[in-house]
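>>> One predicted model, sequence on top.
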Protein chains: 2
Amino acid sequence: MGEFELIARHFTRPAPPGGAVLLGVGDDAALLRPTPGHQLAISTDMLVEGRHFFAGAEPEALGHKALAVNLSDLAAMGARPLGFTLALALPAADEAWLAAFARGLFALADAHDCPLVGGDTTRGPLNLCITVFGQVLPGQALRRDAARAGDELWLSGRTGEARLALALRRGEAWATGAPINEADVAAAADRMDRPTPRLALGQALAATPGVHAALDVSDGLLGDLGHLLKASGEGAEIHVDTLPLAPALQGLALDHQRDCLLAGGDDYELLFTADAAAHGAVLAAGRAAGVAVTRIGRIAAQPGLLVRDAQGRAFTQRARGFDHFGD
Amino acid sequence: MGEFELIARHFTRPAPPGGAVLLGVGDDAALLRPTPGHQLAISTDMLVEGRHFFAGAEPEALGHKALAVNLSDLAAMGARPLGFTLALALPAADEAWLAAFARGLFALADAHDCPLVGGDTTRGPLNLCITVFGQVLPGQALRRDAARAGDELWLSGRTGEARLALALRRGEAWATGAPINEADVAAAADRMDRPTPRLALGQALAATPGVHAALDVSDGLLGDLGHLLKASGEGAEIHVDTLPLAPALQGLALDHQRDCLLAGGDDYELLFTADAAAHGAVLAAGRAAGVAVTRIGRIAAQPGLLVRDAQGRAFTQRARGFDHFGD
């Protein structure tokens, strides 16, 4: 057994008894028993150093984020987490790094009853690959191809802070020159480093009649909305001045503010559509989940994506997504 | 959308209709419907260039092998494949490389009705992470902790050729100096580059009463047997001269021959245990699956692992496993 396997064993733990996991880490495969009658939701994400996170990133936050971005995908389907696998390539066997990484990872996993069920650890350039499994009742999964003309378009939480935090960390002048107080900067950094997967909201929405389509905003609001519209074969109109504005963004020039809001990326909020008749139920789902939900526009039969300001003026916004440090 | 995402879309395909996959690549998560009453088996493996395969490895073989080593884990549980996810970091967007990789990957996936259901592609040092999902009936999964004293110990196929092929590719003198004909060298190289997951055998064994424990031999026969014994709390005796000897190994000095057979690694054969009363049923399962199965020893109540030759003499074999190019 190599040093990596030894270390991996330190930070894997037995699966909790009584749950869906019959056999966890240590055999050729894990064995899970989803609740009968449910469908299985599966998503995988690979995070590479220098691309999805800075070299030297704080390992505890990295452990959190690596799992959070995967759980966000389950949230966007309305699925309840069952467990995850972790494959990890590390340049060196650094036990302190692994301990901190595991701390961040397991704190989030425990908060969502999502045990680690299997993994692989090897030497190589730093690379984290997580695959998550969840379950959802038949017909309840929130697919991105289910938006219908006339639907209201909703957003959870608020977008843009992660993009601002990235700009500050990179020293981009439009951000570093803006008047932003320290507490707001810290809050924005936290949004980038420790995103919150909207699992409770996703599950509440999946169980709400009239909620149709959803996806998570990871590459920028307009870019991800474009994916939803393309999959659904619809158009949309959004009202930029209805987008919730984080305190950190309030001191930015309008162009940069809108760039952060509409094309920032790394937000991990839910963008979803629902019948207008479900308006009250959607607000109730947000309250139950403890997350603000805001109506930001509507789905339209005519193709294309129209962005309007408070005066009703349409304007063009580069619909590019956040591309993880450039392609 | 970045060039990597574009290319990834080229080599992903819609899931076959009528199977377990309700929603494949393209949404936040895939949706699967396992057969009611089954348990879910999940395994993940990460392959890193220069560690699990040579830099410049032929991409079609690499596509095959990346999936094969994961399917081998399902085989060792006796599970039937349902699908897999692929996360891929690539140093450059090389379409010819991806096309060849996809060819090897999908040829094996199609042969086992195991569709790609989701994935992620990004720029980074070459890294392949596959997670496979399978299903197995309750009580039938072949766990490594289920061996019982008195069980016969069985091996599918034969071990050692991948280790020999590695030595030849590395130019190790004990291998390059041995009299081995070209066809046998080619067969050994094929075992290293294109291993065959023993899925049909694993499923047949899972359905055979009296078959107890199994794992796949990936790190060397003795090393993996050690894992099985430790998990089961038993000992074992194996008879080295009953191990099937590939033609390529016959010209090696006895020490090197045994090193390949017992501690070679990268074999992806099944090592399993069964009641002596199931002897005939095990042979029948091997015939039905088209794979030779050989009784190579027995599980014993006394701890430890005894290796005997044809004269019954015990000898000591370094029980180190293949460590993927050194730790």
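Arrived safely, thanks for sending.
>>> Check which residues of stretch A:100-107 are buried.
A:100-102, A:104-106 (16 or more other C-beta atoms under 10 Å in any protein chain shown). Just so you know, the C-beta spots here come from the backbone N, C-alpha and C atoms, and that holds for glycine as well.
>>> do stretch A:142-154 as well
Of the residues in stretch A:142-154, A:142-147, A:151-154 count as buried by neighbour count, 16+ other C-beta under 10 Å.
>>> and A:Leu225, what element?
Assessed by DSSP states H and E, A:Leu225 sits inside helix A:221-232.
>>> Sorry, slip of the keys, the one I care about is A:Thr208.
With DSSP H and E as the criterion, A:Thr208 is inside neither a helix nor a strand.
>>> The stretch 151-300 of chain A against chain B: which residues are in contact?
A:214-216, A:231 (C-beta under 8 Å from any C-beta of the partner chain).
>>> Report the two of those separated the most.
In these, two members sit farther apart than any others by C-beta to C-beta. They are A:Asp216 and A:Ala231, at 13.8 Å.
>>> Could you check how many residues crowd around the residue nearest to A:Ile42 when sequence neighbours are not counted?
Leaving aside its sequence neighbours, A:Ile42 sits nearest to B:Ala30 (C-beta to C-beta, 6 or more residues apart in numbering or on different chains; 4.7 Å). Using other C-beta atoms under 10 Å in any protein chain shown, B:Ala30 has 28 other residues around it.
>>> Now do the contacts for the residue lying closest to A:Ala61 once chain neighbours are set aside.
Among residues not flanking A:Ala61 along the chain, A:Asp193 sits closest, at 4.2 Å (C-beta to C-beta, 6+ apart). Counting by C-beta atoms under 8 Å, 6 or more residues apart in numbering or on different chains, A:Asp193 touches A:57-58, A:61, A:64-65, A:165.
>>> quick revisit: what mean pLDDT does the helix holding A:Leu225 have?
Averaged across helix A:221-232, the pLDDT comes to 93.
>>> And that helix, what does it pack against?
If you count contacts as 3 or more C-beta pairs under 8 Å, 6 or more residues apart in numbering or on different chains; DSSP states H and E, helix A:221-232 packs onto strand A:211-217, strand A:235-239, helix A:254-263, strand A:269-274, strand A:305-308.
>>> returning to that earlier point: out of the contacts of A:Asp193, which one has the lowest pLDDT?
A:Ala57 (86).
>>> list the contacts for that one?
Counted by C-beta under 8 Å, 6+ apart, A:Ala57 has contacts A:49, A:193.
>>> quick one, phi/psi of it?
Per-residue torsions, A:Ala57: phi -60, psi 150 (degrees, to the nearest 10).
>>> Of all the helices and strands packed on helix A:221-232, which one is nearest B:Asp45?
strand A:211-217 (26.7 Å).
>>> for the closest one, packing partners?
helix A:59-77, helix A:199-206, helix A:221-232, strand A:269-274, helix A:279-289.
>>> mind saving the C-alpha coords of the first one as CSV?
Provided in CSV are the C-alpha atoms of helix A:59-77 (Å, rounded to 0.1, in the frame of the first residue of the first chain):
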residue,chain,number,x,y,z
PRO,A,59,-7.5,23.4,1.4
GLU,A,60,-10.4,23.6,3.8
ALA,A,61,-12.3,26.0,1.5
LEU,A,62,-11.3,23.8,-1.4
GLY,A,63,-12.8,20.7,0.2
HIS,A,64,-16.0,22.6,0.7
LYS,A,65,-16.1,24.0,-2.8
ALA,A,66,-15.3,20.7,-4.6
LEU,A,67,-18.3,19.1,-3.0
ALA,A,68,-20.5,22.2,-3.1
VAL,A,69,-20.3,22.6,-6.9
ASN,A,70,-21.5,19.0,-7.3
LEU,A,71,-24.2,19.3,-4.7
SER,A,72,-25.4,22.4,-6.6
ASP,A,73,-26.0,20.2,-9.6
LEU,A,74,-28.2,17.9,-7.5
ALA,A,75,-30.0,20.9,-6.1
ALA,A,76,-30.8,22.1,-9.6
MET,A,77,-32.4,18.7,-10.3
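>>> helices or strands next to it in the packing?
strand A:39-48, strand A:80-90, helix A:95-111, strand A:127-136, helix A:182-193, helix A:199-206, strand A:211-217.
>>> how far does the third one sit from the chain's center?
Spelled out, that is helix A:95-111. 19 Å (C-alpha atoms, centre = their mean, to the nearest Å).
>>> right, and A:Ala248 touches A:Ala187 too?
Yes: here A:Ala248 reaches A:Ala187: they are 6.3 Å apart, a contact under C-beta atoms under 8 Å.
>>> looking at the helices and strands packed on helix A:59-77, which is closest to B:Leu283?
Per C-beta to C-beta, nearest to B:Leu283 of the helices and strands packed on helix A:59-77: strand A:80-90, 35.1 Å.
>>> got the angle for the closest one vs helix A:59-77?
Put simply, strand A:80-90 runs at 140 degrees to helix A:59-77, going by axes from the mean of the first three to the mean of the last three C-alpha atoms, to 10 degrees.
>>> How about the contacts made by the residue nearest the centre of chain A?
The C-alpha lying nearest the average C-alpha coordinate of chain A belongs to A:Tyr268 (C-alpha atoms, centre = their mean; 2.8 Å). Contact analysis of A:Tyr268 by C-beta under 8 Å, 6+ apart lists A:68-69, A:72, A:195-198, A:216-218.
>>> Roughly how far does the residue lying closest to A:His64 once chain neighbours are set aside sit from chain B?
Closest residue in space to A:His64, ignoring its immediate chain neighbours: A:Gly104 at 4.0 Å, by C-beta to C-beta, 6+ apart. Taking C-beta to the nearest C-beta, to the nearest Å as the measure, A:Gly104 falls 20 Å from chain B.
>>> And the pLDDT for A:Gly104?
Per-residue confidence at A:Gly104 stands at 95 (pLDDT).
>>> contacting residues around it?
By C-beta under 8 Å, 6+ apart, the neighbours of A:Gly104 are A:59-65.
>>> So which of the residues you listed wins on neighbours?
The most crowded member of these, judged by other C-beta under 10 Å, is A:Gly63 (27 neighbours).
>>> quick one: the spatially closest residue to it that is not a sequence neighbour from A:Thr196, how far?
Distances taken as C-beta to C-beta, 6+ apart put A:Gly104 closest to A:Gly63, at 3.1 Å, once the chain neighbours are dropped. Taking C-beta to C-beta, to the nearest Å as the measure, A:Gly104 falls 13 Å from A:Thr196.
>>> Equivalent analysis for A:Ala187, please.
Computed as C-beta to C-beta, the A:Ala187 to A:Thr196 distance reads 12 Å.
>>> For those two, indicate the residue with more neighbours.
The residue with more neighbours, out of A:Ala187 and A:Thr196, is A:Thr196; 19 against 15, by other C-beta under 10 Å.
>>> about what we covered before: so for A:Gly104 and A:Thr196, which residues contact both of them?
The overlap between the contact sets of A:Gly104 and A:Thr196 (C-beta under 8 Å, 6+ apart) is empty.
>>> Spit out the contact partners of A:Glu161.
Taking C-beta under 8 Å, 6+ apart as the test, what A:Glu161 contacts is A:187-188, A:191-192, A:246, A:248-249, A:260, A:264, A:267.
>>> My guess is the residue nearest to A:Ile42 contacts B:Leu23. True?
Yes: contact criterion C-beta under 8 Å: B:Ala30 and B:Leu23 qualify, at 5.7 Å.
>>> Find residues that contact each of the two.
B:Ala15.
>>> Now A:Met46: closest residue in space that isn't a chain neighbour?
Nearest to A:Met46 is B:Ala87, by C-beta to C-beta, 6+ apart, at 3.7 Å.
>>> Based on its surroundings, how many neighbours for the one you found?
If you count neighbours by other C-beta under 10 Å, B:Ala87 ends up with 27.
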